[in-house]
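Chemist: Structure here, sequence nowhere to be found:
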């Protein structure tokens, strides 16, 4: 699978948290290549089963969230300026001077501005801008703006998919389109093989808002193991070593009480035996991923968390190494083919 | 009706009196009215097949006695109780006992709940007793005023809408328990019952973008979730057709969209908010015109969807 082409396609699509519908439909079509039964469920998540399923076999669920962070129109002022709020944990520091599209009746281009430092009064902080201090300027009058879009319409932060050197790529929404690409890479590796277990796939909605899609996902059907694929923090010179990972170091396998002890050790030994680059992350509490909610869904589901290092989380220049996506996809495939990961 | 509702003792977790009041109020409207294990009251009307649920809370914020000493009872809040506005307030307990909340510090605006106590005859009060804070209910030609109006106004609107709606179609109304306490009633109900469409109704504070006098707020995004876009647009369109005044809004408050839409297998949810001025402060107020527009909107949803 050409990971860069897949990432390019995935990151150009929308899928803002809470407004995933058109993107979910297009992901569903993409998944049908591997899972003919793929469908969009009531909460907008895409689910499918690889090559059908057998009652005699145990089931592994591969889960990656498909939504991306964004903004939402909260007020249109008389003079056409637009107040907005965040959908998900947007890094507010990076917003001023950003370009956006307001996704209303048509897509309206705008720029995010704020009061220049020159005009700040003595007591006001110049360095700490909050989202409530910012406005979107579309150039439209109040009446024209209200004709074009409304309160509650989502806002996309404009971003271009860029290839940096050495297989590294940069774009918005790589959290978690990189995870989705790893799942697709895995499916591509195993699609024609005899599998020792059933493989279900779920691309879920609303993770950035509070793990919403994952909450309803396992209501009807509980797998024997869930493998969550998400991103984790990539290392930069100013970051601490213990909770960040250099790009290119491979798949990151997380250990902690949110995750199944034995299945996680088996994942590590699979990576070791198959020569797949990996590193280990420790989460003493909440992993901040859908594993947090899947673990306690239904009667309880053993979870494994595999992550991809990503720099500049929740900005429009999120950056990953495609080699890490390949490593994560290969690791998922080997876990499934090994057959003994499911207790 | 609102005046009567304001008198009913119903802090989160102790809604018995409110359940009885509502049952009496709607007994001629619904075919089946039942309380579930958590204390939710569920009313079902039989009729042609459809999957619609209207939800509103029946509880209010309150206090619970945590310790007592001589004539002082200390307490903690249940739900969103704002300590800054409690000094000097009268607290009622279930059996008719009452007390006055006191603060010994200089600036009540800085008070935390743990800094406050209730001056009362503690012989008649036990640790764990529930209480509610109440202002006298009053109204003029334009507005309703009382403490806790925000929690009662949605209930009043739903009750009025179901009593006046003219439909042969079936639907369910959930009067949820412990809504102010982590939406516990909502979560347990929707885990076991499936609906295609759910409308939740609550009071919402007037803030930037939500204005009193502009009708019911149809919530696009709250602090924890996003209303279903297609269902919201249908609700907006039908409001436009019926000339019902509304405002689409984004709010930092939790209108329980997440609790509804992610319980069980999930449901398409739209939240409605009745604008409340001075929410959480002394004498919250609601414009009658906003209340009436919300009743019309709920009634239209029941009759048309």
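Modeler: In hand now; what should we look at? Quantities reported herein were computed from a predicted structural model and do not represent experimental measurements. Numbers count the residues shown, from 1 in each chain, chains lettered A, B, ... in the order given.

Chemist: Please enumerate the helices of the stretch 101-250 of chain A.
Modeler: Using DSSP state H, counting those that start in this stretch, the helices of the stretch 101-250 of chain A run over A:142-148, A:174-190, A:207-210, A:212-217.

Chemist: Reformat those helices as TSV; add mean pLDDT.
Modeler: Below are these laid out as TSV (pLDDT from 0 to 100):
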stretch	mean pLDDT
helix A:142-148	96
helix A:174-190	97
helix A:207-210	92
helix A:212-217	90
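
Chemist: Now these in CSV, please, with extra columns for mean neighbour count.
Modeler: For glycine as for every other residue, the C-beta is placed from the backbone atoms N, C-alpha and C. Listed next are these as CSV, based on neighbours: other C-beta atoms under 10 Å in any protein chain shown:
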stretch, mean neighbour count
helix A:142-148, 15
helix A:174-190, 26
helix A:207-210, 23
helix A:212-217, 28
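
Chemist: Now render the ones you listed as TSV, adding distance to chain B.
Modeler: TSV is the format used below for the helices of the stretch 101-250 of chain A (distance: least, C-beta to the nearest C-beta, whole Å):
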stretch	distance to chain B
helix A:142-148	11
helix A:174-190	18
helix A:207-210	6
helix A:212-217	4
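
Chemist: Out of these, which gets nearest to residue B:211?
Modeler: Proximity to residue B:211 (C-beta to C-beta) singles out helix A:142-148 among those, at 14.9 Å.

Chemist: what's the spacing between the closest one and its chain's center?
Modeler: For helix A:142-148, the distance from its own C-alpha centre to the chain's C-alpha centre is 33 Å (C-alpha atoms, centre = their mean, to the nearest Å).

Chemist: before we move on, the earlier item: with respect to residue B:147, which of the helices of the stretch 101-250 of chain A lies nearest?
Modeler: Taking C-beta to C-beta, helix A:207-210 is the member of these nearest to residue B:147, at 30.8 Å.

Chemist: The helices of the stretch 101-250 of chain A: which one's closest to residue B:36?
Modeler: helix A:212-217 (20.4 Å).

Chemist: mind checking pLDDT for residue 48?
Modeler: Defaulting to chain A. Listed pLDDT for residue A:48 reads 96.

Chemist: hm, I was asking about chain B
Modeler: pLDDT at residue B:48 comes out at 77.

Chemist: Excluding chain neighbours, what is closest to it?
Modeler: Closest residue to residue B:48 apart from its sequence neighbours, by C-beta to C-beta, 6 or more residues apart in numbering or on different chains: residue B:169 at 5.2 Å.

Chemist: And residue B:300, what's its pLDDT?
Modeler: At residue B:300, the model reports a pLDDT of 96.

Chemist: What count of nearby residues applies to it?
Modeler: When neighbours are counted by other C-beta atoms under 10 Å in any protein chain shown, residue B:300 registers 18.

Chemist: how much space between it and residue B:48?
Modeler: Per C-beta to C-beta, to the nearest Å, residue B:300 is found 17 Å from residue B:48.

Chemist: got a list of contacts for stretch B:251-263?
Modeler: The set of residues external to stretch B:251-263 that reach it, using C-beta atoms under 8 Å, 6 or more residues apart in numbering or on different chains, is A:43, A:85, A:206, A:209-210, A:212, A:215-216, B:55, B:179, B:183, B:186-191, B:198, B:200, B:202, B:204-205, B:207, B:209-210, B:217, B:219, B:221-228, B:267-269, B:271, B:273.

Chemist: Just the buried subset of those residues, written out for ChimeraX, thanks.
Modeler: Listed next is the ChimeraX selection for buried residues among the contacts of stretch B:251-263, using 16 or more other C-beta atoms under 10 Å in any protein chain shown:
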select /A:43,85,206,209,210,212,215,216 /B:55,179,183,186,187,188,189,190,198,200,202,204,205,207,209,210,217,219,221,222,224,225,226,227,228,267,268,269,271,273
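
Chemist: Which stretches in the stretch 1-150 of chain B count as strands?
Modeler: Along the stretch 1-150 of chain B, the segments classed as strands by DSSP state E, counting those that start in this stretch run B:32-35, B:41-45, B:52-57, B:62-69, B:72-78, B:90-93, B:98-103, B:116-119, B:130-133, B:138-139, B:143-146.

Chemist: And the third one, what does it pack against?
Modeler: What it means is strand B:52-57. Secondary-structure packing of strand B:52-57 (3 or more C-beta pairs under 8 Å, 6 or more residues apart in numbering or on different chains; DSSP states H and E): helix B:149-164, strand B:171-176, strand B:197-205, helix B:288-304.

Chemist: in it, what counts as buried?
Modeler: For strand B:52-57, burial by neighbour count (16+ other C-beta under 10 Å) applies to B:52-57.

Chemist: same check, this time on the fifth one
Modeler: Within strand B:72-78, the residues that qualify as buried by neighbour count (16+ other C-beta under 10 Å) are B:73-75, B:77-78.

Chemist: what pairs with it, and is each one parallel or antiparallel?
Modeler: Using DSSP bridges, strand B:72-78 pairs in its sheet with strand B:62-69 (antiparallel), strand B:116-119 (antiparallel).

Chemist: Pick the most deeply packed of those strands.
Modeler: Stretch with highest mean neighbour count among the strands paired with strand B:72-78: strand B:116-119 (a mean of 21; mean count of other C-beta atoms under 10 Å in any protein chain shown).

Chemist: these two touch, right, residue B:189 and residue B:39?
Modeler: No - with contacts counted by C-beta atoms under 8 Å, residue B:189 stays clear of residue B:39, the gap being 10.5 Å.

Chemist: ok, of the buried residues of strand B:52-57, which one's closest to chain A?
Modeler: Taking C-beta to the nearest C-beta as the measure, chain A lies nearest residue B:53 of the buried residues of strand B:52-57, at 14.1 Å.
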